[in-house]
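Participant: 3D, please:
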Amino acid sequence: MLPEVIVSLAAWLQPTSGTESADEGGVGDPPSYCPLSKNGNLDKAPCRRMRQKNDLPEPAENPCTVCALLDSNRPNWHRIINLFMHYRALREFADHAASWAHTSHVAAIVLSHNARILDCDQRGQSFLKTGNVMHILGGQLYCTDASFQPQFNSALKDTVGAGRTTNILLHPPEQPDKRFSLTLTRMPQRPSAVGAGESAKIAEILCLVAPLDGRRIATVRQLMDFFGLSAAEGRLARAICHGDSVEEYARDQGLRLPTVRTQLSSIFSKTGTKRQATLVRLIAGIPVVRDLA
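Facilitator: Model (predicted):
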């Protein structure tokens, strides 16, 4: 009966012809027939048959208890629509905030057990539009390089069946050195999603795609604020986290090696670390937020 219900509600949402406008929350008259009945036949409405079966009195003005409830408790549909619009705006803001924070993943995609895309974040939409690594075909997620497809199908099947997190490597067909990690993990099902007497549905799968060479390191400003580093020390600390050696950094920056070693000693003192590996682990735990200003 979904089509009839939609038509009924759509008619109900039309602005009235009186003094109350749509902007003021005006709506049309409630349905003239029971939304639960077929072809608008009130005598065969399931709600009326239920009342007759239980020997319950029928309302004097409206034989349909559902319609009577709608008449007495008519929701403010414009407020509900505004609520959904507000929710959409909040979600878009969250997507933008994630982009501002420069999180490591380039796509977060929610899949069904057969790889059908159920939801996708803003980054994921842009990622799939390029189609360099993965693309959408018939509403399902596919690897652009067909040679990876059997591995992806096997990983998805393993995650759905066994519930364990699986990982595979992908790369664009023409760029084998530009690799991406793809992680599949089963999402926990909310208890409210399963009603009484219902069997648990197959959990949805979260697919995260991230570039291997796309590590996000705290900004120089963050390192200066957290540890009191100078700008030069902050740049050196970031270079070390990106894998540069002291010698490589000195050569690339045109600095004398003793000067760079002195800066590194100062960084160790201010951060409370003694080794480069410890420094990298410390900085890697800082959530990265770029300063838009």
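Participant: Next up, the contacts around residue 152.
Facilitator: If you count contacts by CB atoms under 8 Å, 6 or more residues apart in numbering, residue 152 has them with 115, 142, 143, 168, 182. For every residue, glycine as well, the C-beta is placed using N, CA and C.
Participant: The third one: how many residues sit nearby?
Facilitator: Okay, so that is residue 143. A total of 19 residues lie near residue 143 under the criterion other CB atoms under 10 Å.
Participant: ok, now the second one?
Facilitator: Applying other CB under 10 Å, we find 17 other residues in the vicinity of residue 142.
Participant: helix or strand for it, which one?
Facilitator: Taking DSSP states H and E as the definition, one finds residue 142 inside strand 140-143.
Participant: next one: the last one
Facilitator: Secondary structure from DSSP H and E places residue 182 in strand 180-186.
Participant: Can you name the element that comes right after that strand?
Facilitator: strand 205-211.
Participant: Restricting to C-alpha, output that next one in CSV.
Facilitator: Provided in CSV are the C-alpha atoms of strand 205-211 (Å, rounded to 0.1, in the frame of the first residue of the first chain):
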residue,chain,number,x,y,z
ILE,A,205,30.5,-3.9,5.8
LEU,A,206,32.7,-0.8,6.2
CYS,A,207,35.2,-0.4,3.4
LEU,A,208,38.1,2.0,4.0
VAL,A,209,40.5,3.0,1.2
ALA,A,210,43.7,4.9,2.0
PRO,A,211,46.9,5.7,0.1
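Participant: Give the buried residues for that strand.
Facilitator: 205, 206, 207, 208, 209, 210 (16 or more other CB atoms under 10 Å).
Participant: if you skip the residues just before and after it, what's nearest to the fifth one?
Facilitator: Closest residue in space to residue 209, ignoring its immediate chain neighbours: residue 107 at 4.1 Å, by CB to CB, 6 or more residues apart in numbering.
Participant: pretty sure the one you found contacts residue 123?
Facilitator: Yes - with contact defined as CB atoms under 8 Å, residue 107 reaches residue 123; the gap is 5.8 Å.
Participant: quick one, which of those two is more surrounded?
Facilitator: Legend: neighbour count by other CB under 10 Å for residue 107 and residue 123, higher for residue 107 (22 against 18).
Participant: State the distance from that one to residue 121.
Facilitator: Here the criterion is CB to CB, to the nearest Å. By it, residue 107 lies 7 Å from residue 121.
Participant: which secondary element of the chain has the worst mean pLDDT?
Facilitator: Averaged element by element with mean pLDDT, DSSP states H and E, the chain has its least confident helix or strand at helix 65-72 (a mean of 54).
Participant: about what we covered before: quick one: the residue nearest to residue 209 and residue 221, what's the gap?
Facilitator: Counting by CB to CB, the gap between residue 107 and residue 221 amounts to 28 Å.
Participant: circling back: helices or strands up against the strand holding residue 182?
Facilitator: Other helices and strands packing on strand 180-186, by 3 or more CB pairs under 8 Å, 6 or more residues apart in numbering; DSSP states H and E, are helix 149-162, strand 166-170, strand 205-211.
Participant: again, only this time at 10 Å
Facilitator: Taking 3 or more CB pairs under 10 Å, 6 or more residues apart in numbering; DSSP states H and E as the contact definition, the neighbouring helices and strands of strand 180-186 are strand 107-111, helix 149-162, strand 166-170, strand 205-211.
Participant: mind checking which of those is nearest residue 255?
Facilitator: Each of the helices and strands packed on strand 180-186 was scored for nearness to residue 255 using CB to CB, and the closest is strand 205-211 (29.7 Å).
Participant: What is that closest one packed up against?
Facilitator: Counting by 3+ CB pairs under 10 Å, 6+ apart, the packing neighbours recorded for strand 205-211 are strand 107-111, strand 117-120, helix 122-130, helix 149-162, strand 166-170, strand 180-186.
Participant: repeat that with 8 Å
Facilitator: Using 3+ CB pairs under 8 Å, 6+ apart as the contact test, the elements touching strand 205-211 are strand 107-111, helix 149-162, strand 180-186.
Participant: close enough to count as contact, residue 124 and residue 118?
Facilitator: No - judged on CB under 8 Å, residue 124 makes no contact with residue 118 at a distance of 11.7 Å.
Participant: Only alpha carbons, please: show stretch 146-157 as CSV.
Facilitator: The C-alpha trace of stretch 146-157 is given here as CSV (Å, rounded to 0.1, in the frame of the first residue of the first chain):
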residue,chain,number,x,y,z
ALA,A,146,40.0,-6.6,-13.1
SER,A,147,42.9,-8.7,-11.8
PHE,A,148,42.1,-7.5,-8.3
GLN,A,149,38.4,-8.4,-8.5
PRO,A,150,38.8,-12.1,-7.4
GLN,A,151,40.9,-11.0,-4.4
PHE,A,152,38.3,-8.3,-3.5
ASN,A,153,35.4,-10.8,-3.8
SER,A,154,37.2,-13.3,-1.6
ALA,A,155,38.0,-10.7,1.0
LEU,A,156,34.4,-9.5,1.2
LYS,A,157,33.1,-13.1,1.4
